[in-house]
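Visitor: take this sequence and fold it.
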Amino acid sequence: MIPKTDGRLQAGITFAVQPSKTIRLEARTGRLSGLTDGLAAVQQAVYVILNVERYTYLIHSRNFGVELKTLFGKPMNWVIPEVKRRIREALLQDDRINEVDEFVLTPDRHKLAVSFTVHSVFGDFEGATEVNV
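Guide: Alright, predicted model coming up:
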């Protein structure tokens, strides 16, 4: 028999916020060195999310990464709003990130430079990436 509830949490259940401590990745060299936590860990997560194509690697869940490769060859006027949506959707999968806004998109022939502001529980920072279109 399945117990029936009114949808409210029972008294005594508490949810703990997990630390965001992770192994530090040196972006320029690709080396792993020590640990990082807080804002630096969120910045690293944004870097990794934007550099992993979603649904490509079985090691990552289906909620990890960003879908940007399918934008290649599409018209720029369609790509610009779609890039904003896809980056925002990908980054908001991380529960440490509250909002992604203030997008600045700079088209240049077959590339689109994208910069934006990430608002996290540890503070705000600027993010950037480049999309081939």
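Visitor: and the gap between V133 and V121?
Guide: Noted for V133: a distance of 33 Å to V121, by CB to CB, to the nearest Å. (C-beta placed from N, C-alpha, C; glycine too.)
Visitor: all helices for the protein, in order.
Guide: According to DSSP state H, the chain carries its helices in the segments 39-50, 76-91.
Visitor: the longest strand seen in the chain pairs with which strands, parallel or anti?
Guide: Ordering each strand of the chain by length in residues (DSSP state E) puts strand 97-108 first. Strand partners for strand 97-108, identified by DSSP bridges, are recorded as strand 111-120 (antiparallel).
Visitor: quick check: buried residues in the partner strand?
Guide: With burial defined by 16 or more other CB atoms under 10 Å, the residues of strand 111-120 counted as buried are L112, V114, F116, V118, S120.
Visitor: what of stretch 27-37?
Guide: When neighbours are counted by 16+ other CB under 10 Å, the buried residues of stretch 27-37 are found to be T36.
Visitor: tell me the mean pLDDT for that stretch?
Guide: For stretch 27-37, the mean pLDDT works out to 83.
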